[in-house]
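*Asks:* Have a look at this fold, sequence not included:
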């Protein structure tokens, strides 16, 4: 089972597929369209977290730049009627944060209108994933992307160009006052990130 590939980007195949050369072997990996630009601009070496699908007539690799995207991809496939191709199609139309926000809010209409997901599929996504999205982690001090002030701060940091993992770590490490406002939490997180960068 392949869990991660790190190698040289040799090019793109059909839309939504990249070719990664690892040790002289080229792996064709399906990846969300939203990740393609990131991969193309990342330099000669890239890393993707891999989901391997083994079927009777095929072995398909699905790759994601972050573990969060891979985990969400697997969550989507846990919904009845949604396989890997459909899950990838959903990730092609919106980023993980926006999809999680809509699901956590129970907004199946937004999933249908904004993201182009069918009505039945969007309703199933909300019903089956809403609780999982709202309670992404039970670890004390961890940050959920589902809702709440911390989620807003993480989203704001990502909008400023920080990676999701950097943003979550900054929120977790820098915020000590639970009733601080979004602006106060954002300022604290940015201060932490600045200290880490120059530390």
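*Replies:* Right, received. Where do you want to start? Only a predicted model underlies this, so the values are computations on that prediction, with no experimental measurement involved. Residues are numbered from 1 along each chain as shown.
*Asks:* where along this protein do the helices fall?
*Replies:* 33-40, 67-77, 84-93, 96-104, 108-113, 119-134, 148-159, 164-174, 182-198 (DSSP state H).
*Asks:* pLDDT of the fifth one, averaged?
*Replies:* Per-residue pLDDT values over helix 108-113 give a mean of 80.
*Asks:* what's it packed up against?
*Replies:* For helix 108-113, the elements it packs on are helix 96-104, helix 119-134, judged by 3 or more Cβ pairs under 8 Å, 6 or more residues apart in numbering; DSSP states H and E. All C-beta atoms are positioned from the backbone trio N, CA, C, and that covers glycine.
*Asks:* go on, the third one?
*Replies:* Counting by 3+ Cβ pairs under 8 Å, 6+ apart, the packing neighbours recorded for helix 84-93 are helix 33-40, strand 59-64, helix 67-77.
*Asks:* rewinding a little: which among the helices and strands packed on helix 108-113 is found nearest to residue 194?
*Replies:* Closest approach to residue 194 among the helices and strands packed on helix 108-113 is made by helix 96-104 (22.9 Å; Cβ to Cβ).
*Asks:* buried ones in that closest one?
*Replies:* Buried residues in helix 96-104, counted by 16 or more other Cβ atoms under 10 Å: 96, 97, 99, 100, 101, 102, 103, 104.
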